[in-house]
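Asks: I'd like to go over a predicted model; first the sequence, then the structure.
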Amino acid sequence: MNNIVGNETRFLHAIEMGLGAWQWGDRMVWQYGQGYNDDDVHQAFLTSITEGIRFIDTAEVYGSGRSERLAGKFLKETDQPILVATKFFPLPWRLIRNSIPAALKASLERLQLETVDLYQIHWPTPLLSVETMMEGMVECVNRGWTRTVGVSNFNQSQMIRAFSTLERNSISLASNQVHYSLLNREVEKNGLLARCKELGVRLIAYSPLEMGLLTGKYSSKNPPPGNRGARYANLLKKIEPLLKLMNEIGQEHGGRSNSQVALNWIICKGALPIPGAKNATQALQNAGALGWKLSEEEIAKLDEASDKILQ
Ligand SMILES: NC(=O)c1ccc[n+]([C@@H]2O[C@H](COP(=O)([O-])OP(=O)(O)OC[C@H]3O[C@@H](n4cnc5c(N)ncnc54)[C@H](OP(=O)(O)O)[C@@H]3O)[C@@H](O)[C@H]2O)c1
């Protein structure tokens, strides 16, 4: 295994932050259609582009295809070169290697693109070996339908199997997209972040705002709507000291918001956050995580406050 970042995957290491597009059409978790709509996410996209974001992350399952369709529409209307990542979901009725290029073809049609920049396996599955999945991904590269290959929610051993299978085909594993935030630091504790750095695999951090908790707008008394309320009931009881510290640190940087501190912390850790935004206001605020850096001392204080919650 070599750890040199391949020429074709180098672009991902130059991107500091992206925009997540799960919100674009999802009703189950994000209550799409209640409080925000197509126009709001279009504005979130346009604002992000204006603020210099050039990478969007979608998936075939987001909004049952609506997210990819909206992305395709929005991309047609901009003359900026936007890098696009999407994902294959290993649903139980498509568990052969050829299912992967077939799914990518359908994604490309929804996206109105001839190729994507990054194609990822959304989740590993015991029903399909990592090696078979990677053979399907090699086929996607050979057909010119994706520039690079990534995985998501892969643990270290699954990632290394993916890395090695691709390497045998002279392809570098570009990325592993996993949950990472000040309120979920599994990838630091289990060594995945360090392993990604060693192998030149970009760690893409999903739910970097812990689905809104790190913005500071939610508390036990004011929980997030939908199933996030139950999911985070315990965590919400403990996060006040961290939110307070984030606020103090933000003030030291000229009034940066909690979400900006949360995203900057991830960038400082060497990962690529892809916050989701429902509207232009959220997108604008999140883009303000770029252009400045937390100090080593501030990062250590944030680590300590988060450790106290997560221990
Ligand atoms: N690979 C995977 O398995 C996987 C899993 C999850 C996510 N993802 C990807 O990662 C992206 C981001 O993760 P995520 O969407 O789970 O969570 P997130 O980015 O941590 O949180 C996004 C949510 O926080 C709230 N928010 C965002 N910015 C805000 C701001 N500036 N001020 C106030 N509220 C704000 C919004 O919800 P409210 O306004 O409703 O609070 C928004 O929907 C997704 O869009 C998707 O592309 C991938």
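Replies: Now that the structure is in, tell me what you want to look at.
Asks: For the residue minimising distance to the centre of the chain, list the residues it contacts.
Replies: Closest to where the C-alpha atoms of the chain average out (Cα atoms, centre = their mean) is residue 206, at 3.6 Å. By Cβ atoms under 8 Å, 6 or more residues apart in numbering, the contact list for residue 206 reads 20, 57, 152, 177-180, 274. Every C-beta, even on glycine, is put in place using the N, C-alpha and C of the backbone.
Asks: what do you get for residue 26?
Replies: 32, 62-63, 67 are the contacts of residue 26 under Cβ under 8 Å, 6+ apart.
Asks: Apply 6 Å and report the result again.
Replies: By Cβ atoms under 6 Å, 6 or more residues apart in numbering, residue 26 lies in contact with 32, 62-63.
Asks: Out of the residues you listed, flag the one nearest to the ligand.
Replies: The ligand lies nearest to residue 62 out of those, by Cβ to the nearest ligand atom, at 7.2 Å.
Asks: Okay, the closest one and residue 71: tell me how far apart.
Replies: Here the criterion is Cβ to Cβ, to the nearest Å. By it, residue 62 lies 9 Å from residue 71.
Asks: Pop out the phi and psi values for whichever residue of the chain sits closest to the ligand.
Replies: Nearest residue of the chain to the ligand, counting by Cβ to the nearest ligand atom: residue 20, 2.3 Å away. Backbone torsions of residue 20, given as degrees, to the nearest 10, read phi -80, psi 140.
Asks: With adjacent residues omitted, what lies nearest to it?
Replies: In space, and not counting its chain neighbours, residue 20 is closest to residue 276: 3.8 Å by Cβ to Cβ, 6 or more residues apart in numbering.
Asks: Likewise for residue 33?
Replies: residue 27 (6.2 Å).
Asks: what number of residues lie near that neighbour?
Replies: Residue 27: 13 surrounding residues under other Cβ atoms under 10 Å.
Asks: Tabulate the contacts of residue 26 (a markdown table), appending neighbour count, distance to the ligand and pLDDT.
Replies: Converted to a markdown table, the contacts of residue 26 look like this (neighbours: other Cβ atoms under 10 Å; distance: Cβ to the nearest ligand atom, whole Å; pLDDT from 0 to 100):
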| residue | neighbour count | distance to the ligand | pLDDT |
| --- | --- | --- | --- |
| 32 | 23 | 10 | 96 |
| 62 | 28 | 7 | 98 |
| 63 | 23 | 11 | 97 |
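Asks: quick one: residue 148 from residue 9, how far?
Replies: Distance from residue 148 to residue 9, counting by Cβ to Cβ: 5 Å.
Asks: Neighbour count: these two, which is higher?
Replies: residue 148 (27 against 22).
Asks: The more buried one: what's it in contact with?
Replies: 8-9, 118, 174.
Asks: Doesn't it belong to a strand?
Replies: Yes: counting by DSSP: H, G, I helix; E, B strand; the rest coil, residue 148 is found in a strand.
Asks: Around the ligand, which positions in the stretch 151-300 of the chain sit nearby?
Replies: 152-153, 177, 206-212, 215, 217, 224, 259, 274-278, 282, 285-286 (Cβ under 6 Å from any ligand atom).
Asks: which among the residues you listed end up buried?
Replies: Listed as buried from these are 152, 177, 206-212, 215, 224, 259, 274-278, 282, 285-286; burial here means 16 or more other Cβ atoms under 10 Å.
Asks: mind listing which of these are in strands?
Replies: Secondary structure of these is defined by DSSP state E; positions in strands are 152, 177, 206.
Asks: If the closest residue to the first one other than its chain neighbours is in a bridge, with which residues?
Replies: It stands for residue 152. Of all residues not flanking residue 152 in the chain, residue 177 sits nearest, at 3.9 Å (Cβ to Cβ, 6+ apart). Beta-bridge partners for residue 177, by DSSP bridges, are residue 152, residue 204.
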